[in-house]
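Asker: only geometry, no sequence info:
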C-alpha cells in the first residue's frame with residue numbers, strides 16, 4: 001500500500017501511491033527523535049527502522065514511535081544494519097553490528113543469537129538479511145554467508161550452513177567475503193560483495209558478484225568480464241534483468257567511488273551498462289515496486305518508469 005524510505009540524515013519518508021502524497025518523520029518535523037537510518041521494514045501494523053542508536057518502531061494505528069535498545073554486545077550492537085520481516089513466521093529478523101536478533105510478533109519476544117564461526121567475530125557482524133520463502137533465511141555478514149533452515153531451532157548446530165572462501169565456496173578467492181546484498185530466485189542466488197583491498201592486503205575482500213545455483217556452482221562477475229568495478233552496493237530484478245549498482249574502492253585513499261549501474265541479462269549473462277546523465281554515479285539502493293524502479297542515490301531519490309526506460313537501456317545507450 002505504501003513505500004517507506006530510510007535516509008541518512010533526513011529521517012524517514014512514507015510515499016502513498018494512491019494519492020501521490022508524501023509524509024516525513026524527522027527531528028525537523030518534530031515527530032521522530034532521530035534522523036540517521038540504515039534500513040527499514042514494515043508490515044500492516046508496524047514499521048521498523050534501524051539506526052546507529054537502536055531499533056525505532058512505528059505503531060501504524062497510533063502513529064507513535066518507540067525505541068528498542070539491546071544490551072548484548074554494547075553500544076556497537078545497537079547499530080542496526082539489516083531488517084527483514086518474515087510473513088510466513090510473523091517474525092522480524094534484526095541484523096546488528098554484533099549479533100542477530102529474532103523478534104516474534106506473536107509472543108512479543110526478542111531472542112539474540114551469536115553466529116560466530118571459527119572464532120572470527122566478523123561472521124557475527126550482520127550486513128544483510130533475506131527471507132527465502134517459507135523454509136530458509138539468509139544472513140550476510142562481513143565474513144561470509146549463513147543459510148538457516150527454519151524447520152530447525154537456530155541454536156542447533158545443524159540448523160545453519162555457512163559459506164565463505166573455504167572449501168572452494170565463492171571460488172575460494174580472497175581472504176574473506178563481505179556480503180552487501182542478496183537477490184533470490186527459485187534456482188539461483190545473486191550475492192553482491194564488498195571490495196576492500198589495500199597494498200598490504202591485496203586479497204582481503206576482492207568484491208564482485210556471484211550467481212550461486214544453490215548447489216556447487218559459483219559463477220563470478222567482476223571487472224575482468226564486464227563489470228566497471230568490483231564493489232556492489234545493491235541488486236534488484238525486473239523480468240530477465242538483474243540491476244547492479246557498483247562502486248570502486250581506492251587502495252590508497254580507502255574511499256569508495258560510485259561507478260553507476262549495469263544490467264545483467266539472466267538468459268545469456270550479458271553485461272549492459274546503463275548510461276543516463278540523470279542518474280548519479282553512486283546508487284546505494286534499488287527497489288522495484290512492480291511499475292517503478294526507485295534509486296536511492298547520493299543526491300536523493302530517483303523514480304524511473306521502468307516500462308518507458310527499458311527499451312532505451314537495453315543497448316546501454318540513451319536515445
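Answerer: Structure's in. What do you need? Everything numeric here is computed off the predicted structure, so don't read it as measured data.
Asker: please make it C-alpha for all contacts and neighbour counts, starting now.
Answerer: Will do.
Asker: gap between the spatially most central residue of the chain and residue 130?
Answerer: Closest residue to the average C-alpha location of the chain: residue 181 at 4.1 Å, with Cα atoms, centre = their mean. To residue 130, residue 181 is 9 Å away according to Cα to Cα, to the nearest Å.
Asker: and residue 204, by the same measure?
Answerer: From residue 204 to residue 130 the distance is 25 Å (Cα to Cα).
Asker: does residue 163 have beta-bridge partners, and which?
Answerer: residue 145 (DSSP bridges).
Asker: pretty sure it sits against residue 144.
Answerer: Yes. With contact defined as Cα atoms under 8 Å, residue 163 reaches residue 144; the gap is 5.7 Å.
Asker: what's the helix or strand for the nearest residue in space to residue 206 that is not next to it in sequence?
Answerer: Closest residue to residue 206 apart from its sequence neighbours, by Cα to Cα, 6 or more residues apart in numbering: residue 195 at 5.1 Å. Using DSSP states H and E, residue 195 maps to strand 189-196.
Asker: what does that strand rub up against?
Answerer: 177-184, 204-214, 230-235, 248-249, 251, 254 (Cα atoms under 8 Å, 6 or more residues apart in numbering).
Asker: show me where this structure has helices.
Answerer: Ranges of helices in the chain, per DSSP state H, are 306-313.
Asker: how about low-confidence regions in it?
Answerer: Filtered on pLDDT under 70, the chain yields the residue ranges 306-319.
Asker: straight-line length of stretch 135-147, end to end?
Answerer: 10 Å.
Asker: same question, stretch 215-223
Answerer: 25 Å.
Asker: show me which residues of it are buried.
Answerer: 218, 220, 221, 222 (16 or more other Cα atoms under 10 Å).
Asker: same question for stretch 89-96.
Answerer: Result for stretch 89-96 [16+ other Cα under 10 Å]: buried residues 91, 92, 93, 94, 95, 96.
Asker: that one: how far from the chain's middle?
Answerer: Averaging C-alpha positions (Cα atoms, centre = their mean, to the nearest Å) puts stretch 89-96 14 Å from its chain's average.
Asker: and for it, what's in contact with it?
Answerer: Contacts of stretch 89-96 (Cα under 8 Å, 6+ apart): 77-86, 100-106, 125-129, 134.
Asker: of the residues you listed, grab the buried ones for PyMOL.
Answerer: Filtering these down to the buried ones (16+ other Cα under 10 Å) takes a single PyMOL command:
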select buried, resi 77+78+79+80+81+82+83+84+85+86+100+101+102+103+104+125+126+127+128+129
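Asker: which of the contacts of stretch 89-96 fall in strands?
Answerer: 80-86, 100-104, 126-129 (DSSP state E).
Asker: for the residue lying closest to residue 14 once chain neighbours are set aside, give its distance to residue 284.
Answerer: Among residues not flanking residue 14 along the chain, residue 4 sits closest, at 4.7 Å (Cα to Cα, 6+ apart). Remark: distance between residue 4 and residue 284 (Cα to Cα) = 15 Å.
Asker: do residue 270 as well
Answerer: In terms of Cα to Cα, residue 270 sits 23 Å off from residue 284.
Asker: buried subset of the contacts of strand 189-196?
Answerer: By 16+ other Cα under 10 Å, the contacts of strand 189-196 give 177-184, 204-212, 230-235, 248-249, 251 as buried.
Asker: what bridges to residue 236?
Answerer: residue 243.
Asker: tally of neighbours for it?
Answerer: 20 (other Cα atoms under 10 Å).
Asker: all strands for the stretch 101-250 of the chain, in order.
Answerer: Assigned by DSSP state E, counting those that start in this stretch, the stretch 101-250 of the chain shows strands spanning 109-113, 126-132, 136-141, 144-149, 160-163, 179-184, 189-196, 205-212, 218-221, 231-238, 241-249.
Asker: need these in a markdown table (columns: distance to residue 275).
Answerer: Formatted as a markdown table, the strands of the stretch 101-250 of the chain follow (distance: least, Cα to Cα, whole Å):
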| stretch | distance to residue 275 |
| --- | --- |
| strand 109-113 | 43 |
| strand 126-132 | 28 |
| strand 136-141 | 30 |
| strand 144-149 | 32 |
| strand 160-163 | 35 |
| strand 179-184 | 23 |
| strand 189-196 | 21 |
| strand 205-212 | 20 |
| strand 218-221 | 19 |
| strand 231-238 | 17 |
| strand 241-249 | 12 |
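Asker: quick one: closest of these to residue 14.
Answerer: With Cα to Cα as the criterion, residue 14 lies closest to strand 231-238 of these, at 20.7 Å.
Asker: which residues touch stretch 288-305?
Answerer: 236-238, 279-280, 282-287, 306-307.
Asker: reformat the buried residues of stretch 89-96 as CSV; add distance to residue 298.
Answerer: Converted to CSV, the buried residues of stretch 89-96 look like this (distance: Cα to Cα, whole Å):
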residue, distance to residue 298
91, 32
92, 28
93, 27
94, 25
95, 24
96, 24
